[in-house]
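>>> When you get a sec, could you give me coordinates for this:
(one chain, ligands or ions: 1)
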Amino acid sequence: MPERFVIGTRGSKLALWQTETVGRAIMRAFPEIEVEIRVRNTTGDINLASPLAEIGDKGLFTRELETDLLLGEVDMCVHSLKDLETEQPEGCVVAGVLPRADARDVLVCGPRIQAASLAEVPEGSRIGTGSRRRVAQLKANFPNMVPEGIRGNVDTRVAKAEGDDYEGAILAAAGMKRMGYEDHIAAYLPIEDMIPAPGQGAIAMEVLKKNERAYQIARALNDPVTKACTDAERFVLFSLEGGCSAPIGAHCRLEDGKYIFDACVLSLGGTKAARCHLEADADSADPMDMAWEVVSELIGEGARAILRDIKNGKDTGQ
Ligand SMILES: NCc1[nH]cc(CCC(=O)O)c1CC(=O)O
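Numbering: from 1, shown residues only. Predicted coordinates:
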């Protein structure tokens, strides 16, 4: 009898792709295991009409999955790390992350525009994005375009971006590639122009701490550099008490023996900004130590006041 291992996931195509990827990796590393995938709809999937920032940001795509985990219905949940709250429910832990894919955002162009970078997007173009982080950075760095709300799964958003209501859209490179939409990518946005969401491009394996077997499996598949970088990014978000809908970008990468950390906190309209760029030798520095410094620099540049005004409704985005 093979050992059965049940993974819970959302039912979107992207979520299924990610979960199947984890499932295959588990069966490769543990040939005695047979993985079963259990699909569950979440609040975020059901309420497709409202802008995400309005439904509330706490665990929209993940809470129901975590409930299944806590009830012992599944052994593991697979999530996009960037959709996962910075704090897990008591007893749950993100024990591992797969090696990160391309963490950048990308531009998709509809038939009316052609642009190989954001700078080339014609003035007044309606660019679809529902994320406050992307809207604020667009307004701050590329005020010539008009961000317009957009929702739906990756395929829906690509179709909308190429339809009549938009000239283009911004999406995550990882989701585009995983869904086979690489051909629709007009431009990869440099990290400095559009700092990705904490955890963007990483796939998280969440398990119960007390489930030793599941924990062991997640650890075996864990990519230590991705984990160190994304833990540090999520620490920045956590320290600033920003949920996944706050206009906060945080990205840490290992490149040529150095950790490079970029972060920003912006007002909704992009007029106020706290920014930070840090580099440190990987021999002597650790992403989590850098994260402390990033947080203190952002606070020094006014991040707390920016976020407070958003929370208490003083920031109207103008
Ligand atoms: N917010 C939805 C979401 N969650 C994860 C991804 C893409 C995959 C990833 O970043 O890991 C996306 C789509 C997007 O932002 O375009």
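>>> For the rest of this, base every contact and every neighbour count on C-alpha atoms.
Will do.
>>> centre of the chain versus stretch 291-307, how much separation?
20 Å (CA atoms, centre = their mean, to the nearest Å).
>>> next one: stretch 145-158
Distance of stretch 145-158 from the chain centroid (CA atoms, centre = their mean) equals 16 Å.
>>> again, but for stretch 240-259
Worked out by CA atoms, centre = their mean, stretch 240-259 lies 10 Å from the chain centre.
>>> Equivalent analysis for stretch 297-313, please.
21 Å.
>>> ok, residue 226 to residue 306 distance?
Computed as CA to CA, to the nearest Å, the residue 226 to residue 306 distance reads 29 Å.
>>> Check residue 118 too.
Note on residue 118: its distance to residue 306, by CA to CA, is 25 Å.
>>> next one: residue 181
Relative to residue 306, residue 181 is positioned 36 Å away (CA to CA).
>>> These two: who's more crowded?
More neighbours surround residue 306 than the other of residue 181 and residue 306, with 21 against 16 (other CA atoms under 10 Å).
>>> Was I right to think the more buried one contacts residue 267?
Yes: applying CA atoms under 8 Å, one finds residue 306 in contact with residue 267, separated by 5.6 Å.
>>> For the ligand, what's its nearest residue on the stretch 1-150 of the chain.
When scored by CA to the nearest ligand atom, the stretch 1-150 of the chain has residue 80 as its residue closest to the ligand, at 4.8 Å.
>>> Output the below-cut-off pLDDT ranges for this structure.
Within the chain, the stretches with pLDDT under 70 are 44-58, 242-244.
>>> can you give me the helices in it?
13-29, 43-46, 52-55, 63-70, 132-141, 154-161, 173-178, 212-221, 224-239, 287-300, 303-311 (DSSP state H).
>>> wait, which of those is closest to residue 205?
Proximity to residue 205, assessed across these by CA to CA, is greatest for helix 212-221 (6.2 Å).
>>> so what secondary structure elements neighbour that closest one?
Packing partners of helix 212-221 (3 or more CA pairs under 8 Å, 6 or more residues apart in numbering; DSSP states H and E): helix 13-29, strand 92-97, strand 203-208.
>>> change it to 10 Å
In terms of contacts (3 or more CA pairs under 10 Å, 6 or more residues apart in numbering; DSSP states H and E), helix 212-221 is packed against strand 3-9, helix 13-29, strand 76-80, strand 92-97, strand 203-208.
>>> okay, those in a markdown table with distance to residue 152 and mean neighbour count next?
Shown next, in a markdown table, are those (distance: least, CA to CA, whole Å; neighbours: other CA atoms under 10 Å):
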| stretch | distance to residue 152 | mean neighbour count |
| --- | --- | --- |
| strand 3-9 | 17 | 20 |
| helix 13-29 | 12 | 18 |
| strand 76-80 | 15 | 26 |
| strand 92-97 | 25 | 23 |
| strand 203-208 | 20 | 27 |
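>>> now the ones you listed as a markdown table including distance to residue 126?
Below are these laid out as a markdown table (distance: least, CA to CA, whole Å):
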| stretch | distance to residue 126 |
| --- | --- |
| strand 3-9 | 33 |
| helix 13-29 | 25 |
| strand 76-80 | 27 |
| strand 92-97 | 35 |
| strand 203-208 | 30 |
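>>> domain parsing for the chain?
Following automatic domain parsing, the chain resolves into domains at 3-98+202-222, 105-188, 236-311.
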